[in-house]
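Engineer: Quick one, what's the 3D model for this:
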Amino acid sequence: MQKAITDGGIIDAPDCRYGISRCEPACTESTEHDHGGRDFMTEAWPVPAGRLTLAEIREHPALGPLDRIPDRYRGPRQVTGDGWVNFAGRLERGEEIALVRSLTAVNSRVLDVGGGSGELARAVAEQIGQCTAVEPHRQLVESMHEERDGTGSVSVFPGSAEQLPFSSGSFDAVYCAWVLPYVSDIREATEEMIRVCDPDNPEAKIVLISGGSGNELLCLLNEICVPVAEEPYDHHGYLLRTAAQVLDEHGFSDFSLYRTESSIRFDEREPDERAATAAAVLTDFWYEQHPKAADIRAALEPALSRHFSCRPHAIGDQAAILVARPA
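Structural biologist: Residues are numbered from 1 along each chain as shown. Below you'll find the predicted structure:
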């Protein structure tokens, strides 16, 4: 049993885990949870004292669980344009967008690697006047072209993180949001971002966004779906640790680390419909073309019912944001 805050004070509340010891419920500054006497916010996400070294990044609990870090990359996760669009349409990521805007406010040549829905690129362009995006899925490239709203110029190019279609030093800031799980080679993708970022610009930076420790969606993925799919654990902290190593080798060794809260929202009124819809959306996003997609969806539904009994209309997509600047 854990504690929940209500207007009447702190009360006992149902445990919101999926029956998995490694999946702590998400905590925010406005909530309190009983984690065996631990203060989740200060222990798992300590406030950095200034900039961080590579060694500190590698051991930071935000990139956990540290006891599950793999020896090698599991390989890219497959996603279709339709699966992404259905997922992204329910995604609420205001804090993440605000942080990217803050980080790039002083830049003038910004690259979005893996543009997706274009939401981040449009937000950056609205602020500084322009943003360039690279997106591998033709469907999403066309969608980004169609959704230009005139508040800033977004230039969209087809391409992948491993082969960016730009000359060296073309940008003074590069950000890559939730793309590392889909690249074929983390080192190659990171080196490409380094190549196109001008290290001589005083505001040069590379921003990498991926799942942080305690991410509710990743808990569902790893503890419910991965065993059914018979695939390796999907550890986003490993991706950021590996990228940080490459960045450090190339002189981008002035690190900062941040946390943001996003969620995927389900407004369906009836609990059973909500769980079934969420199971379908997540299965299509993660496993649309997998031979065991039906089994994965069936396994997700009861887990989602338990989740929604505690957090009725959203699943947390907590992020760790790694910022690397030239030292």
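Engineer: which residue is nearest the centroid of this protein?
Structural biologist: Per CA atoms, centre = their mean, the C-alpha nearest to the average position across the chain is that of S210, at 3.4 Å.
Engineer: I'd assumed D317 was in contact with that one.
Structural biologist: No - using CB atoms under 8 Å, S210 makes no contact with D317, being 10.7 Å away. Any C-beta I mention is one placed from the backbone N, CA and C, and that applies to glycine too.
Engineer: quick one: which helix or strand includes the residue nearest to the centre of the chain?
Structural biologist: Assigned by DSSP states H and E, S210 belongs to strand 205-211.
Engineer: residue ranges for the strands of the stretch 51-200 of the chain, please.
Structural biologist: Here the stretch 51-200 of the chain has its strands, by DSSP state E, counting those that start in this stretch, at 91-92, 110-113, 130-135, 153-158, 173-177.
Engineer: Ranked by average pLDDT, which of those strands falls at the bottom?
Structural biologist: Here the lowest mean pLDDT among the strands of the stretch 51-200 of the chain goes to strand 153-158, at a mean of 90.
Engineer: Report all helices and strands that that strand contacts.
Structural biologist: helix 119-128, strand 130-135, helix 138-146 (3 or more CB pairs under 8 Å, 6 or more residues apart in numbering; DSSP states H and E).
Engineer: same thing but at 10 Å, please
Structural biologist: If contacts are counted by 3 or more CB pairs under 10 Å, 6 or more residues apart in numbering; DSSP states H and E, strand 153-158 sits against strand 110-113, helix 119-128, strand 130-135, helix 138-146.
Engineer: Of the strands of the stretch 51-200 of the chain, which is nearest A327?
Structural biologist: The closest of the strands of the stretch 51-200 of the chain to A327 is strand 173-177. By CB to CB, the value is 16.6 Å.
Engineer: What strands line up against that closest one, and which way round?
Structural biologist: Note on strand 173-177: by DSSP bridges, its sheet partners are strand 110-113 (parallel), strand 205-211 (parallel).
Engineer: Report how many residues lie close to S167.
Structural biologist: For S167, the count of nearby residues is 8 (other CB atoms under 10 Å).
Engineer: The one 10 residues further on now?
Structural biologist: Other residues within reach of A177, judged by other CB under 10 Å, total 23.
Engineer: How about the one 3 residues further on?
Structural biologist: Taking other CB under 10 Å as the neighbour definition, L180 ends up with a count of 26.
Engineer: Assess the claim that it and L240 are in contact.
Structural biologist: Yes - when contacts are counted by CB atoms under 10 Å, L180 is listed as touching L240 (7.4 Å).
Engineer: any common contacting residues for the two?
Structural biologist: 186, 208-211 (CB atoms under 10 Å, 6 or more residues apart in numbering).
Engineer: of those residues, closest to Y73?
Structural biologist: Relative to Y73, the closest of the shared contacts of L180 and L240 is I186; by CB to CB it sits at 6.0 Å.
Engineer: Could I get the pLDDT score of the closest residue to P326 other than its chain neighbours?
Structural biologist: In space, and not counting its chain neighbours, P326 is closest to P199: 4.5 Å by CB to CB, 6 or more residues apart in numbering. For P199, the model assigns a pLDDT of 97.
Engineer: what does E191 give?
Structural biologist: For E191, pLDDT reads 98.
Engineer: and what of D267?
Structural biologist: On the pLDDT scale, D267 gets 97.
Engineer: Near it, how many residues? Count them for me, please.
Structural biologist: 9.
Engineer: picking up where we left off before, which among the shared contacts of L180 and L240 end up buried?
Structural biologist: Buried residues within these, counting neighbours by 16 or more other CB atoms under 10 Å: 186, 208-211.
Engineer: out of these, who's nearest I128?
Structural biologist: Nearest to I128 out of the buried ones among the shared contacts of L180 and L240 is I209 (CB to CB; 18.5 Å).
Engineer: Show me what the residue nearest to the centre of the chain is bridged to.
Structural biologist: Beta-bridge pairing for S210 (DSSP bridges): A320.
Engineer: Assess the claim that it and H236 are in contact.
Structural biologist: Yes - if you go by CB under 10 Å, S210 and H236 touch, sitting 4.2 Å apart.
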